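J.: here are the coordinates; sequence isn't available:
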């Protein structure tokens with residue numbers, strides 16, 4: 001009796017499992033039958049194409065596919081072939097398609113090729129152009145006749161050379177994307193009204209086009225702010241100052257520099273005085289300021305306010321000049337050979353030939369090893385620079 005009960009109890013779960021299994025199989029079969037009567041997923045081919053031909057991840061391909069409408073590979077293949085022919089790598093193609101998938105449906109010969117050829121005609125290399133267009137594919141979406149060529153013509157009229165137009169484009173692609181009539185032209189008019197020289201305007205447009213293509217209202221505020229700081233519109237440092245306080249990014253950097261200089265004992269007047277002399281001193285990293293101040297103040301014994309009177313020493317090839325030249329000055333000072341205090345500008349901002357003649361070869365008899373000290377420090381700097389470059393590749 002006990003065995004019968006045990007068998008009955010043990011068989012119950014098996015029967016339940018079999019019944020559930022049959023039901024599960026029927027459900028799967030039913031789903032399979034019903035799915036076979038449905039039309040295939042219209043996005044499946046596009047998703048597969050975006051993954052296999054364009055290098056997109058499955059997640060990105062799924063999100064991008066609804067923006068496209070093609071069921072055969074001919075049109076997108078022709079676009080990809082054009083891009084590869086003009087030096088685009090697979091990675092760059094993936095980036096371009098992810099950012100602007102509609103370009104896969106463009107006419108390669110009538111829409112894309114003329115724009116690529118136009119930019120190449122300006123002297124942009126295939127490598128640089130592929131990099132620019134993949135990072136900002138909107139350039140390929142702009143009209144050649146109505147946007148790109150008119151922008152080029154105006155930029156060329158101000159900058160005078162294709163090389164400078166390309167330099168402006170490399171700084172910011174917005175020079176070919178924005179409506180120049182709404183941004184660039186009004187801002188140039190503001191500068192011309194206060195008699196800023198054309199050479200300064202060209203400098204700003206060539207090196208810092210993002211500054212001169214600010215919102216016109218904001219640009220006018222920046223120009224007025226620079227004037228109130230005492231800058232002369234006739235001098236080049238006026239437009240350098242405009243760049244230094246243009247845009248939220250530069251404003252943040254300016255604020256960090258202000259705090260960094262304050263830590264080294266500069267007053268507000270010191271900071272503004274240094275800014276007037278060399279606006280780029282307010283666009284340095286806190287680390288660079290700290291390193292330079294440490295050498296000048298702690299290692300060379302100079303007062304930090306002396307640097308405020310000559311902020312250029314913080315800018316021009318600082319790493320290359322400061323270590324070798326400060327070593328020479330320390331050796332000469334320790335031997336009592338410097339009869340007077342030399343300004344930081346004399347020591348650090350002069351060209352190499354002047355420094356060698358003034359502070360090295362002049363003392364060859366008294367300190368024969370001085371040139372070796374200088375060259376040794378230069379070799380160390382060059383080695384460190386070369387190593388850091390290799391490490392960043």
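T.: Received the coordinates, thanks. Since this is a predicted model, take the numbers as computed values, not measurements.
J.: all contacts plus neighbour counts: C-alpha atoms, from now on.
T.: Will do.
J.: would you list every one of the strands in the stretch 51-200 of the chain?
T.: Using DSSP state E, counting those that start in this stretch, the stretch 51-200 of the chain contains no strands.
J.: residues touching the residue most central in space within the chain, list them.
T.: Centroid-nearest residue in the chain, with Cα atoms, centre = their mean: residue 171, separated by 7.9 Å. Residues in contact with residue 171 (Cα atoms under 8 Å, 6 or more residues apart in numbering) are 207, 208, 209, 210.
J.: roughly how far apart are it and residue 164?
T.: Taking Cα to Cα, to the nearest Å as the measure, residue 171 falls 11 Å from residue 164.
J.: what's the answer for residue 373, then?
T.: Residue 373 is 41 Å from residue 164, by Cα to Cα.
J.: more neighbours, these two?
T.: More crowded of residue 373 and residue 164, by other Cα atoms under 10 Å: residue 164, with 20 against 17.
J.: Confirm for me that that one is in contact with residue 206.
T.: Yes: Residue 164 is within contact range of residue 206, at 5.9 Å (criterion: Cα atoms under 8 Å).
J.: Contact partners for residue 285?
T.: If you count contacts by Cα under 8 Å, 6+ apart, residue 285 has them with 253, 256, 257.
J.: how about low-confidence regions in this structure?
T.: Under the criterion pLDDT under 70, the flagged ranges of the chain are 1-43, 316-321, 377-393.
J.: Where do the domain boundaries of it fall?
T.: 42-141, 142-245, 252-309, 316-393 (automatic domain parsing).
J.: now residue 180, nearest residue through space, not along the chain?
T.: In this structure, residue 180 finds its nearest non-sequential neighbour in residue 151, 6.9 Å apart by Cα to Cα, 6 or more residues apart in numbering.
J.: The one you found - how many residues pack around it?
T.: Residues lying near residue 151 (other Cα under 10 Å) number 21.
J.: just residue 141 next, same as before
T.: By other Cα under 10 Å, 16 other residues sit near residue 141.
J.: The closest residue to it other than its chain neighbours: neighbouring residues, count only.
T.: Excluding its sequence neighbours, the residue lying closest to residue 141 (Cα to Cα, 6+ apart) is residue 103, at 7.6 Å. Here the count is done by other Cα under 10 Å, and residue 103 has 21 residues near it.
J.: Report the separation between residue 103 and residue 143.
T.: Applying Cα to Cα, the value for residue 103 to residue 143 is 13 Å.
J.: same check, this time on residue 90
T.: According to Cα to Cα, residue 90 and residue 143 sit 26 Å apart.
J.: go on, residue 168?
T.: Residue 168 is 20 Å from residue 143, by Cα to Cα.
J.: between these two, who's got more neighbours?
T.: Set residue 168 next to residue 143 and count neighbours by other Cα under 10 Å: residue 168 wins out with 24 against 13.
J.: hang on, the more buried one packs against residue 212?
T.: No: using Cα under 8 Å, residue 168 is not in contact with residue 212, being 11.2 Å away.
J.: Give me the common contacts of those two.
T.: Residues touching both residue 168 and residue 212 (Cα under 8 Å, 6+ apart): residue 205.
J.: which residues does residue 121 contact?
T.: Neighbour list for residue 121: empty [criterion: Cα under 8 Å, 6+ apart].
J.: do you know how far it is from residue 81?
T.: 21 Å.
J.: Give me the distance between stretch 282-293 and the centre of its chain.
T.: Here stretch 282-293 is found 20 Å from its chain centre; the criterion is Cα atoms, centre = their mean, to the nearest Å.
J.: in that stretch, what counts as buried?
T.: With burial defined by 16 or more other Cα atoms under 10 Å, the residues of stretch 282-293 counted as buried are 282, 283, 284, 286, 289, 292, 293.
J.: quick one: which helix or strand includes the fifth one?
T.: What that stands for is residue 289. Per DSSP states H and E, residue 289 falls inside helix 286-293.
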